[in-house]
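What follows is a predicted protein model with its sequence.
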Amino acid sequence: MPTGTAREAECTVCSQWPLALRVTMRCAVGVLPLRQPVCARCLQAFWINITAAKGRAKSAGGLLFGMLIDVLLISALVASLSG
Ligand SMILES: [Zn+2]
């Protein structure tokens, strides 16, 4: 997980997106790259999106399943970045 924030021009997530579409595109940010520069807006969007996804879970089982999927996705991301 990134610990600091970068300027948008240096952001790994949004710097390649057209400026006019960035607000809309951030609604789909569900994964952040590890050890890569990420701007404050993408970081904020990530946490908002994750919180909203948890809020949409209809039951404790659904929430647990969603969290399990998140852990699996993060583990796969970490494994792919580790080489
Ligand atoms: Zn960004």
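Perfect, thanks for sending it.

Where does pLDDT dip in the protein?
For the chain, applying pLDDT under 70 flags the ranges 1-3, 54, 57-60, 62-64, 67, 71, 74-83.

got the residues of it near the ion?
Those residues of the chain that sit near the ion, judged by Cβ under 5 Å from the ion, are 11, 13-14, 39, 42. Backbone N, C-alpha and C define where each C-beta goes, glycine included.

can those residues go into CSV with extra columns for secondary structure and neighbour count?
As requested, the residues of the chain next to the ion are arranged in CSV below (DSSP: H, G, I helix; E, B strand; the rest coil; neighbours: other Cβ atoms under 10 Å):
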residue, secondary structure, neighbour count
11, coil, 23
13, coil, 25
14, coil, 21
39, strand, 22
42, helix, 25
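
Need the max-distance pair from these.
Across the residues of the chain next to the ion, the two members that end up farthest from each other (Cβ to Cβ) are 13 and 39, 7.4 Å apart.

neighbours of the nearest residue to residue 17 once chain neighbours are set aside, just the number please.
If you skip the residues right next to it in sequence, residue 17 has residue 25 as its closest partner in space, 5.1 Å away by Cβ to Cβ, 6 or more residues apart in numbering. Counted with other Cβ atoms under 10 Å, the neighbours of residue 25 add up to 14.

what's the answer for residue 55, then?
Burial of residue 55, expressed as a neighbour count using other Cβ under 10 Å, amounts to 8.

mind giving me TSV with the residues of the chain next to the ion and columns for distance to residue 65?
Formatted as TSV, the entries for the residues of the chain next to the ion read as follows, by distance: Cβ to Cβ, whole Å:
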residue	distance to residue 65
11	31
13	26
14	29
39	31
42	26
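
between those, which is nearest residue 73?
When those are compared against residue 73 (criterion: Cβ to Cβ), the nearest one is residue 13, at 15.5 Å.
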